[in-house]
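Novice: my questions concern the predicted model and sequence given below.
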Amino acid sequence: MSVLLIAEHNNKEVKQFTFNAITAASQINDDLHVLVIGKNADPVAKSISEVPNVKKVIHVDNDIYENYIAENYTPVILKLSENYSHIICSANTFGKNLMPRIAALLDTSQVSDIIKVISEDTFLRPIYAGNAFATVKSTDKKKCITIRPTSFDAAPTSGGSAEIVKGENTDPSENTKFLKKEEIKSDRPELGTARIVISGGRGMQSGDNFKLITAIADKLNAAIGASRAAVDAGYITNEHQVGQTGKVVVPDLYIAVGISGAIQHLAGMKESKVIVAINKDGEAPIFSVADYGLEADLFDALPKFLEELNKLNTIQK
Amino acid sequence: MKILVAVKRVIDYNVQIRVKEDGSGVVTDNVKMSTNPPDDNAIEEAVKIKEAGKAKEIVAVTVGEEKAQETVRKALAVGADRGILVKASGTVEPLAVAKILQKIVEKEKPDLVFMGKQAIDDDCNQTGQMLAAILNWPQATFASKIEVKEKVLEVTREVDEGLETIEVSIPSIVTCDLRLNEPRYASLPNIMKAKKKPLEQIDASELGVDIKPRIEQIKVEEPPKRKAGIKVSSVEELVQKLKNEAKVI
Amino acid sequence: MSREVMEYDVVIIGGGPSGLSAAIKLKQLNAELNICILEKASEIGAHILSGNVFETRALDELLPKWRDLNSPIKTKVSKEKFLFLGKKKSFSWPTWLLPKVQQNHNNYIISLANLCRWLAEQAEGLGVEIFPGFPASEILYNDDGSVKGVATQDMGLDKNGEKKDSYEPGMELHAKVTIFAEGCRGHLGKELIKKFDLNKGKDPQQYGIGFKEIWEITEEQHQEGLVMHTAGWPLDNQTYGGSFMYHAENKQIFLGYVIGLDYKNPHLSPFDEFQRFKTHPSIKKYIENGKRISFGARALIEGGIQSLPRMYMPGALLVGCDAGTLNMPKIKGSHTAMKSGMIAAETIFEHLNQQKDLAIYEEKFNKSWVYEELYAARNVKPSFSWGLLLGIIFTGLDQIIFRGKLPFTLRHKHADHETLKDAKDMPKIDYPKPDNKITFDKTSSVYLTGTNHAENQPVHLRLKDPNLPINYTLKKYDEPAQKYCPVGVYEVQIVNGSSKFVINSQNCIHCKTCDIKEPSQNITWVTPEGGGGPKYGNM
């Protein structure tokens, strides 16, 4: 049977994580259909139809789907679910909110937040905040899966031409109303969700020196983190703390500057996709987890780093 | 108004998790256990609503082994009025917990059910939404602000893009984010008093729901250790590698 | 906000072996008594750290049916070894030539933390109320100066001592008699000893710092029931200390090291001595294919009978290592601590029933086997002030030939904070870098303790003079807190060219070494907010 992926979008554009989820879903079964529920979301359906991995797009369009409300999405998906072996979406706040509602009504025990597809019923998922990995096998007939987007590459976005079929809407819920959305205006992304994090440690030597980090963070649109040592020393406030007792972050790129790599800190960032360490002490433990290590005085390296970034024509944000 | 708060007993967040050598799970013997952190926020919010005169009774419920009653006692010590322990051993998946809670809801008839957004052991993030689904109630997940209005709740949710505000009618389910409030301490006098509050014990088997696991846990292992990468000799080389090799900037 | 008050017959401070035994014994003597135990750890056992080879003598008296009560006392000692370590070689001392007190064939390898959890269950079964997570922070006195009880720590104070929104005042617990069972260097016990002059005429108390790691090792290297001790390398002849390795169940070994805190070289780092010790070929072979799963450290009492303070005062008793009942040559304190708690219980029972003075505690104690043991052991530790070799020769004579009955008592001359020599006069020690396989740094070790203290609370490591560390201790002793603290709470940082003394109190594992060893007694350990500190499992 085919698999059905629920797309996340804002009626104009597909949210990036949907492409990651497409990769995972097509690993389960390559007969992948994507469901777009929205209001005037034709551009979304069209973009998804261009993804080569996608075999069919089902587009349900109605004014009631202007905003994403799980109670309104669920009946649409349930109606379609008969034809699918797997219902899938990404494990961000969108998918986390939606999928259990579907699973419960299908009497399925959901598999959350998978990081690897082992077979069509067996998956790898982190538990205990990534401190252990569990291999789990779903014995339910129909499977409901959410996917950790950062564990799968984004699918290519062009070259395909899947057919787009219209689907039917269902009655809206009377009990849930959307009131408003405030996109956080801060130019700086949140530490927990940023694609790039740059963190400073004790080696920064003062709070004032964090401006070297801020400059690079501005350039890369990165969030700013810190080690406990830097927080304890008063260089920066504790909401920036990364580590076992601070935030756990899993960005695409983590840059550790002047951080020796105490194990508490490593626990908070070691799942990052690419880790860069800049440290004077060539034997600092941080180098043992870094993909790219630069043994250098940060006060020389950081200004140079910014200079090099400025030379680049384009920077991914 | 009556609020039911579901709490879970989990390994304390300060304890370093250790995977059992035979891959059957993680070590839990003689390990410090605590209330799942966002469940503390759920209790706190319920108590705040009661203190504001908008709720009359708070019932704390948990599903688990005998010792899970410590978690209910703690909820009683910070302001819940009554407790329920639904005794069940082994793994009880979120779907099964939701079915158990459905029975408790039918019996207790609360107006609101609060719980943490996610348990820090299995990291499933499912129970609240599942309970809402099978009760056909509205759900407000990841709540960072709750306002109780006439017959409705206005809930601000922490979503990836920022904050979203929705209105759900009562009865409804709310799952709580850590940012919702700062949970109070269980003071010693209140812990003493909590020992005298009623705590009902129910055997899960009496509720007539199927709680058999549907997901087979094949093995649990330590996350792979990261391998050391390479040392670069200059900032120029670093930036080139990030751009052209790792493709992250 | 005024504090709430609760009245009990007996309030016990500390849920270790002595406090729990006192509670159980009291309930056995009179089930009607209202008894409560306050414990600063987040649960019973979470701050307990001990070897532990357990002698069941006290437990046999307290709960004779312990074998039928699912107690966590399972692994009987089956084999013993004693090694003298040279730098590369080792020399095995025949077991039959060991003093009788160091023979363990009737004893068990246990986790004291688990024993305490089990004792707590027994106590609760008898109706004792136990409140973990509530440190007693203050002693309350009656108008006549007698001890009235204790108050628990206020919660929800910020780092400046101001009340946060979450502020909860502490609670007063009043008792007819209060038992202080805080363990080694209890901070209230310390206050009582001073206030009631309990150590008048006694020798200065002696301490050690003990480390313990739990390792999971390969089947080939594991011999359940094996007890091994070592002396010698890496310590020099002048430094008192040694190691233990106990092979417990589940392929685990308890590996530890104890160093007398009367060491003289301020450059010495007990933590690094322990790490270095593990690289000795006779030790390394056990652990090189194993995995370290726990780490912890705690000060212990070594002074024995010469330093044992008077243990009674109006309204209160000191028990266990809050007074100092550990038997050093036996390397055991659990059975003596338990017995002292049981004697305290008998004393209180007679005090409440027959209005007998609490002073009968001392008579009872002196007639007990604990006193007999401690008396016979009294000369061993002080003889090591002559160095390891003379100490061993003397101990052989004293313990094997004379069985502790020599007609004189050696004295402890100095308190541990007085023994450091000037940094410039002592050799620096170059410790090898950790290999992260068998040796580790302090940070990765503290991580295993699970210790944490809520942020934004008053620092619980208080300096009498905040400038002393930099102005005096750094110059004279190279600020030894950097070295003796086993988890790196104390650091001297160079900020803009000048030195700054930093206290990372969040890392504190409540071992109390700083309170003991600081040369000017400038650091005072006080209770942090409840539930803080390590979260030891089966230590």
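Specialist: On my side now, so go ahead.

Novice: contacts, neighbours, all on C-alpha from now
Specialist: OK.

Novice: which element is the residue nearest in space to the middle of chain C on?
Specialist: Chain C has C:Leu300 as the residue nearest its centroid, 3.7 Å off, counting by CA atoms, centre = their mean. Using DSSP states H and E, the element containing C:Leu300 is strand C:291-301.

Novice: residues contacting the closest residue to B:Arg9 other than its chain neighbours?
Specialist: Counting by CA to CA, 6 or more residues apart in numbering or on different chains, B:Thr35 is the residue found nearest to B:Arg9 once chain neighbours are left out, at 4.9 Å. Applying CA atoms under 8 Å, 6 or more residues apart in numbering or on different chains, we find B:Thr35 in contact with B:Val7, B:Lys8, B:Arg9, B:Val10, B:Asp12, B:Thr71.

Novice: go through those and flag which are in helices.
Specialist: Judged by DSSP state H, helices contain the following of those: B:Thr71.

Novice: any quick PyMOL command for the buried ones out of the contacts of B:Thr35?
Specialist: Remark: buried members of the contacts of B:Thr35, expressed as a PyMOL selection using 16 or more other CA atoms under 10 Å in any protein chain shown:
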select buried, chain B and resi 7+8+9+10+12+71
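
Novice: for chain C, what's its nearest residue on the stretch 1-150 of chain A.
Specialist: Using CA to the nearest CA, the single residue of the stretch 1-150 of chain A nearest to chain C is A:Asn131, 13.5 Å away.

Novice: surely that residue is in contact with B:Glu222?
Specialist: Yes - with contact defined as CA atoms under 8 Å, A:Asn131 counts as touching B:Glu222 (6.8 Å).

Novice: correct me, but the residue nearest to the centre of chain C touches C:Gly186?
Specialist: No - with contact defined as CA under 8 Å, C:Leu300 does not reach C:Gly186; the gap is 10.9 Å.

Novice: what pLDDT does B:Gly25 get?
Specialist: The model reports B:Gly25 with a pLDDT of 95.

Novice: tally of neighbours for B:Glu164?
Specialist: Per other CA atoms under 10 Å in any protein chain shown, the neighbour tally for B:Glu164 reads 20.

Novice: likewise for the one 3 residues further on?
Specialist: Residues near B:Glu167, counting by other CA under 10 Å, number 23.

Novice: contacting residues around the nearest residue to it once chain neighbours are set aside?
Specialist: The shortest distance from B:Glu167 to any non-neighbouring residue, by CA to CA, 6+ apart, is to B:Glu154 (4.5 Å). B:Glu154 is in contact with B:Ile146, B:Glu147, B:Val148, B:Thr165, B:Ile166, B:Glu167, B:Val168, counting by CA under 8 Å, 6+ apart.

Novice: for A:Leu253, same thing?
Specialist: For A:Leu253, the residues meeting the contact criterion (CA under 8 Å, 6+ apart) are A:Arg195, A:Ile196, A:Val197, A:Ser272, A:Lys273, A:Val274, A:Ile275, A:Val276, B:Val248.

Novice: check contacts around the last one.
Specialist: Each residue near B:Val248 by CA under 8 Å, 6+ apart is listed here: A:Asp252, A:Leu253, A:Val274, A:Gln316, B:Leu242.

Novice: repeat that with 6 Å
Specialist: Listed by CA atoms under 6 Å, 6 or more residues apart in numbering or on different chains, the contact set of B:Val248 reads B:Leu242.

Novice: again with the third one
Specialist: Listed by CA under 6 Å, 6+ apart, the contact partners of A:Val197 are A:Ala222, A:Ala223, A:Ile224, A:Tyr254.

Novice: so where's the stretch 1-150 of chain A shaky on pLDDT?
Specialist: The stretch 1-150 of chain A contains no residues with pLDDT under 70.

Novice: contact residues of it facing chain B?
Specialist: Neighbours of chain B within the stretch 1-150 of chain A, by CA under 6 Å from any CA of the partner chain: A:93, A:100-101, A:104, A:109, A:112, A:127-128, A:132-139.

Novice: quick one: name the residues of chain B near chain C.
Specialist: Applying CA under 6 Å from any CA, we find that chain B lies next to chain C at B:Asn14, B:Val15, B:Asn30, B:Val31, B:Arg184.

Novice: report the buried members of the residues you listed.
Specialist: Taking 16+ other CA under 10 Å as the criterion, what is buried in the residues of chain B next to chain C is B:Asn14, B:Val15, B:Val31, B:Arg184.

Novice: just give me the least confident of the residues you listed.
Specialist: Ranked by pLDDT, these bottom out at B:Asn14 (79).

Novice: surely that residue is in a strand?
Specialist: No - using DSSP: H, G, I helix; E, B strand; the rest coil, the secondary structure at B:Asn14 is coil, not a strand.

Novice: what's the closest non-adjacent residue to it?
Specialist: Leaving out its chain neighbours, the residue that sits closest to B:Asn14 by CA to CA, 6+ apart is C:Gly450, at 5.1 Å.

Novice: ok, that neighbour - contacts?
Specialist: Neighbouring residues of C:Gly450 by CA under 6 Å, 6+ apart: B:Asn14, B:Val15, C:Pro534, C:Lys535.

Novice: dump the residues you listed to a markdown table, plus distance to C:Ala22.
Specialist: Formatted as a markdown table, the contacts of C:Gly450 follow (distance: CA to CA, whole Å):
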| residue | distance to C:Ala22 |
| --- | --- |
| B:Asn14 | 31 |
| B:Val15 | 30 |
| C:Pro534 | 25 |
| C:Lys535 | 24 |
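
Novice: tally of neighbours for the closest residue to chain A within chain C?
Specialist: For chain C and chain A, the shortest gap (CA to the nearest CA) falls at C:Ser444, measuring 5.3 Å. Neighbourhood size, C:Ser444 [other CA under 10 Å]: 16.

Novice: so which helix or strand takes in C:His335?
Specialist: Following DSSP H and E, one finds C:His335 within helix C:334-354.

Novice: what ranges do the helices span in the stretch 51-200 of chain C?
Specialist: Ranges of helices within the stretch 51-200 of chain C are C:57-62, C:112-125, C:187-195, based on DSSP state H, counting those that start in this stretch.

Novice: could I get the CA-only coordinates of the helix or strand in which B:Glu167 is found as PDB?
Specialist: B:Glu167 is part of strand B:162-169, with elements assigned from DSSP H and E. Extracted in PDB, the C-alpha atoms of strand B:162-169 (Å, rounded to 0.1, in the frame of the first residue of the first chain):
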ATOM      1  CA  GLY B 162       6.700  31.700  17.400                       C
ATOM      2  CA  LEU B 163       3.500  32.000  19.400                       C
ATOM      3  CA  GLU B 164       0.000  31.000  18.300                       C
ATOM      4  CA  THR B 165      -3.100  31.800  20.200                       C
ATOM      5  CA  ILE B 166      -6.200  29.700  20.000                       C
ATOM      6  CA  GLU B 167      -9.500  29.500  21.700                       C
ATOM      7  CA  VAL B 168     -10.900  26.100  22.800                       C
ATOM      8  CA  SER B 169     -14.200  25.400  24.300                       C
END
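
Novice: I appreciate the help and will end here.
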